[in-house]
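Asker: Got a predicted structure here, sequence first:
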Amino acid sequence: MASYYEMLGVSKSATAAQIKSAYRKKALEWHPDRNKAANATEKFKEINSAYEVLSDEKKKSTYDQVGHDAFVRGGMGGANAASGGGGYNYSQGPFSYSQSQGGQNPFDGAGFGAAAGTDPFEVFEQFFGFQSPFGGGGGQRRARRNLYQITITFDEAVKGTEKKVNIDGKKKTIKVPAGVDTGMRIRFTDYDVLVEVKPHEFFQREGQDLYYKHKVSYPLMVLGGSIEVPTLDGKTKLKLRSGTKNGAHVRLSGKGVPYPNSKRRGDLYVVYEMDVPDKVSRKAKKLLEQLQQELA
C-alpha cells in the first residue's frame with residue numbers, strides 16, 4: 001500500500017500548509033461527484049485517511065516512527081478504535097466524530113464545534129462546499145439534487161457576481177457570493193450550482209490565501225531597496241531588506257480572498273525570486289566576473 005505521503009503527493013518534509021493544500025486538490029480531484037472512475041470513492045476515502053494523520057502533529061510523528069500499521073484496523077487511532085466511555089470513534093479526513101454514552105464530543109481539526117450526534121458529513125459539506133459521497137444518517141446516502149455547473153473568472157470569484165443561467169428551460173439570475181472557489185457548491189431551493197473558477201494570470205490561490213512570485217534582480221536582493229507589487233486592492237510598495245535570499249517571502253495580512261459571507265479575508269504571500277537574465281552584455285559579463293572574483 002502507498003504511504004500517506006504518496007497518497008497526497010507530498011514529501012515527508014512538507015509543511016502543514018503544503019499538506020493541507022495537497023489534500024484539498026486531491027479531495028477535489030477524486031470526489032465521486034466529479035470523478036466517475038470506478039475506484040473514486042475508495043481513493044477518496046484513502047486521501048481523507050491520509051490527511052487525518054498527516055495534519056495532526058502527534059499522529060504524524062507516530063506515523064513517521066511506527067509506520068502505516070499503527071493507523072489501520074486494530075492499531076492506535078484506527079477508524080474503528082473503541083472510545084473511552086463506550087460507543088465509537090469515527091475519523092474521516094479533517095473531521096473526528098465521536099459518539100459515546102453521554103456528554104458532548106467536539107469535532108477536531110475542522111474549526112467547528114458540535115454536540116455529540118451531529119452528522120459529520122453535514123460539517124463536511126460546510127467545509128468543502130459540496131456533498132459528502134458517504135452520506136449520513138446511519139450510513140444512508142442522501143437523495144441527490146439537480147446539479148448545474150457554472151464557470152466564472154478569478155475576479156468574479158473574488159468580488160462576487162450575478163449570473164444569468166438557463167435551468168430546465170427557465171432563465172434565472174443567481175448570486176455568487178465573493179470568495180467562492182473551484183469545487184464549491186451553492187445551494188438554492190430546488191437545485192445546486194457547482195462552481196469552476198478560472199485561474200489568474202499571476203496570483204496562485206490556495207484556499208483564501210494568495211501567492212505571488214515577484215522577480216527581483218540580484219543587485220537589489222543584495223543591496224535592498226523598494227519594490228512595487230500587485231494586490232487585489234491595487235499596487236503597494238514593499239521595502240526589500242539587504243541580503244534577501246532567493247525564495248524568501250513576506251505575508252500581507254488580510255490581502256487575500258474574502259471568506260464567503262464574511263468580512264474576513266485570507267492573506268497574500270509575496271515570494272521573492274531572483275531574476276536571472278537569459279543574456280547579458282559584454283560589459284555586464286565583465287562586471288559579473290569581477291564581482292565573482294571579489295566574492296570568492
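Answerer: Yes, it's here. Numbers count the residues shown, from 1 in each chain.
Asker: The protein: helices as residue ranges?
Answerer: Under the criterion DSSP state H, the chain contains helices at 4-8, 16-30, 40-54, 57-66, 120-128, 154-159, 218-223, 282-295.
Asker: List the buried residues of the first one.
Answerer: Residues of helix 4-8 classed as buried by neighbour count (16 or more other C-beta atoms under 10 Å): Tyr4, Tyr5, Met7, Leu8. Where you see a C-beta, it was placed from the backbone N, CA and C, and this is true even at glycine.
Asker: can you tell me which residues contact the nearest residue to Thr244 once chain neighbours are set aside?
Answerer: When the adjacent residues along the chain are set aside, Thr244 lies closest to Met221, with 4.6 Å between them (C-beta to C-beta, 6 or more residues apart in numbering). Residues near Met221 by C-beta atoms under 8 Å, 6 or more residues apart in numbering: Leu240, Gly243, Thr244, Lys245, Asn246, Tyr272, Met274.
Asker: Using CSV, list the CA coordinates for stretch 268-276.
Answerer: What follows is stretch 268-276, C-alpha atoms only, in CSV (Å, rounded to 0.1, in the frame of the first residue of the first chain):
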residue,chain,number,x,y,z
LEU,A,268,-1.3,37.5,0.3
TYR,A,269,2.2,35.9,0.3
VAL,A,270,4.8,37.7,-1.9
VAL,A,271,7.6,35.3,-2.8
TYR,A,272,10.9,36.8,-4.0
GLU,A,273,12.6,35.0,-6.9
MET,A,274,15.9,36.0,-8.3
ASP,A,275,15.6,37.3,-11.8
VAL,A,276,18.4,35.7,-13.8
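Asker: Can you give the distance from that stretch to the centre of its chain?
Answerer: 21 Å (C-alpha atoms, centre = their mean, to the nearest Å).
Asker: if you average pLDDT over that stretch, what comes out?
Answerer: Taken as a whole, stretch 268-276 has an average pLDDT of 93.
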